[in-house]
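show me how the following folds:
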Amino acid sequence: MIRWLCLMFTVAGLGTAVAAEDYSLSAREAFEAKNDPAAEVLFVDVRDPIEIMFIGWTDVADINIPFLLADRFAWNAERGSFPLPRNDDFTAQVGEALKANGLSDDALIITMCRSGSSRGAPSARVLREAGFSNAHYVRHGFQGDRVKEGKQAGMRLVNGWQNEGLPWQTRFNPEKIFRPET
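A predicted model of the protein is given here:
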């Protein structure tokens, strides 16, 4: 499909850079890849565990390794939130998860955050830069996009894992959730 998209963009005069940078999967594609018994797949939820606790989780994910971790000791009064510095051990932790699951560095790695943009795409890009060339992310993440107008404006009810009707629950699996080392 990517080759076809590259050809389509080249014919349209847009070049191949756009398609070459698109390493996203739909939620349904991620689900199907994970459930393909012949595929080597590591499915990583990259959200902070506190977010998962309030939003929900899919046990289809193999592991939770946060790409950004809330710094609960620092409060940003201007933004009204905790800062979210990058998890410096992220790529190493993904590498360890591959090994723990008996997968090679060439296995398909799928990352998923809430919406796909702020952590899903960057985490897949960082993994690719670290040599995991088959890293992809779920395009609209776990919750999907926000409704733009009407009574439900601002609510995440468009696309994404939950809105595709894929399996999820309100409680996470304690065997898979990230716990910082103390």
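
so who does the closest residue to V46 other than its chain neighbours touch?
Using CB to CB, 6 or more residues apart in numbering and skipping residues adjacent in sequence, the residue nearest V46 is F67, 4.0 Å away. Heads up, the C-betas are built off the backbone N, CA and C, glycines and all. By CB atoms under 8 Å, 6 or more residues apart in numbering, the residues touching F67 are 46, 86-87, 90, 111, 113, 119, 122-123, 126.

out of the residues you listed, who's nearest Q162?
Ranked by distance to Q162 (CB to CB), these are led by C113 at 13.0 Å.

what sits against the closest residue to the closest one other than its chain neighbours?
Computed as CB to CB, 6+ apart, the closest residue to C113 that is not its neighbour in sequence is R119, at 3.6 Å. Going by CB under 8 Å, 6+ apart, R119 touches 46-47, 67-68, 111, 113.

let's see that with 6 Å instead.
By CB atoms under 6 Å, 6 or more residues apart in numbering, R119 lies in contact with 46, 67-68, 113.

ok, now which ones touch the residue nearest the centre of the chain?
Within the chain, the residue whose C-alpha comes closest to the C-alpha centroid is M112; the distance, by CA atoms, centre = their mean, is 1.6 Å. Listed by CB under 6 Å, 6+ apart, the contact partners of M112 are 45, 120, 138, 141-142.

can I get the buried part of those residues as one PyMOL selection?
Paste this into PyMOL to select the buried members of the contacts of M112, with burial taken from 16 or more other CB atoms under 10 Å:
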select buried, resi 45+120+138+141+142
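
adding pLDDT, write the contacts of M112 out as CSV.
What follows is the contacts of M112, written out as CSV (pLDDT from 0 to 100):
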residue, pLDDT
D45, 98
G120, 94
V138, 97
G141, 94
F142, 94
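
about what we covered before: how near is the residue nearest to V46 to G116?
Shown here: F67 relative to G116, a distance of 12 Å by CB to CB, to the nearest Å.

what does E96 give?
24 Å.

D48 too?
From D48 to G116 the distance is 16 Å (CB to CB).

who has more neighbours, these two?
Looking at D48 and G116 with other CB atoms under 10 Å, you find the greater number of neighbours at G116, namely 27 against 22.

how about the more buried one, secondary structure?
Assigned by DSSP: H, G, I helix; E, B strand; the rest coil, the conformation of G116 is coil.

my guess is it contacts H140. True?
Yes: contact criterion CB atoms under 6 Å: G116 and H140 qualify, at 4.9 Å.
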